[in-house]
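Asker: one predicted model, sequence on top.
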Amino acid sequence: MTYTLAACVFCRIVAKVDPAQQVWQDERAIVIVPLNPVVPGHVIAIPRRHADDFTGDWLTTSDATHAAFQYARAMGGPFNLITSKGREATQSVFHLHVHLVPRAAGDGLALPWTSAAAELRGAQRQREADVKGLLDIASTYRPESTVRVYLEASAARLNELPLAASPEETQP
Ligand SMILES: [Zn+2]
């Protein structure tokens with residue numbers, strides 16, 4: 001597939017037809033801040049040559065990953081390096097780009113392949129732990145104690161709540 005300059009938003013940014021907050025560049029690639037960074041410091045490396053995705057042309061893929069290599073080494077710290085091929089794989093701009101996402105303990109970011117089923121299993125495990133915690137505390141009270149009755153009733157109610165995966169913003 002061939003893109004005209006007008007059709008490809010990243011070709012337009014590379015050509016400086018469209019504006020972007022550029023934080024790094026060399027002769028083969030640029031690094032910009034995306035419109036909606038998922039965390040502060042999230043950037044994307046874009047090769048100057050157009051390729052639809054990372055399987056288009058390995059030298060172009062190398063241009064993008066070389067930029068990511070240089071940028072992440074300069075910044076230091078933990079990062080995810082993510083790229084996608086195809087709409088089903090959450091690719092939304094069809095000019096190869098790699099996301100560099102700085103990570104921190106407890107940042108709450110889910111990888112794009114986190115599944116709803118896995119989140120439900122996580123919610124199930126959390127509920128089991130919460131119910132067990134309530135029952136453990138309840139067992140330290142005498143059987144006729146109002147605190148014990150209350151805690152056991154709370155555990156029973158918690159068990160009856162419908163499970164739901166935590167609602168999280170997802171972004172391509
Ligand atoms: Zn392009």
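Answerer: Good, I have the coordinates.
Asker: could I get the buried residue list for the lengthiest helix in the chain?
Answerer: The helix that spans the most residues within the chain, counting by DSSP state H, is helix 116-138. Within helix 116-138, the residues that count as buried by 16 or more other C-beta atoms under 10 Å are 119, 123, 131, 134, 138. Placement of C-beta: from N, CA and C, glycine included.
Asker: go on, stretch 20-31?
Answerer: Buried residues in stretch 20-31, counted by 16+ other C-beta under 10 Å: 20, 24, 29, 30, 31.
Asker: helix, strand or coil: sort out the last one for me.
Answerer: The three-state label for residue 31, taken from DSSP: H, G, I helix; E, B strand; the rest coil, comes out as strand.
Asker: in this structure, what secondary structure element scores lowest on mean pLDDT?
Answerer: The helix or strand of the chain with the poorest confidence is helix 116-138; it has a mean of 86 (mean pLDDT, DSSP states H and E).
Asker: hey, where'd the helices end up in the chain?
Answerer: If you assign secondary structure with DSSP H, the helices in the chain sit at 9-14, 58-75, 116-138, 146-160.
Asker: between the longest helix of the chain and helix 146-160, how big is the angle?
Answerer: Between helix 116-138 and helix 146-160, the angle comes out at 170 degrees (axes from the mean of the first three to the mean of the last three C-alpha atoms, to 10 degrees).
Asker: contact partners of helix 116-138?
Answerer: Here helix 116-138 makes contact (C-beta atoms under 8 Å, 6 or more residues apart in numbering) with 147-148, 151-152, 154-155, 158-159, 161, 163-166.
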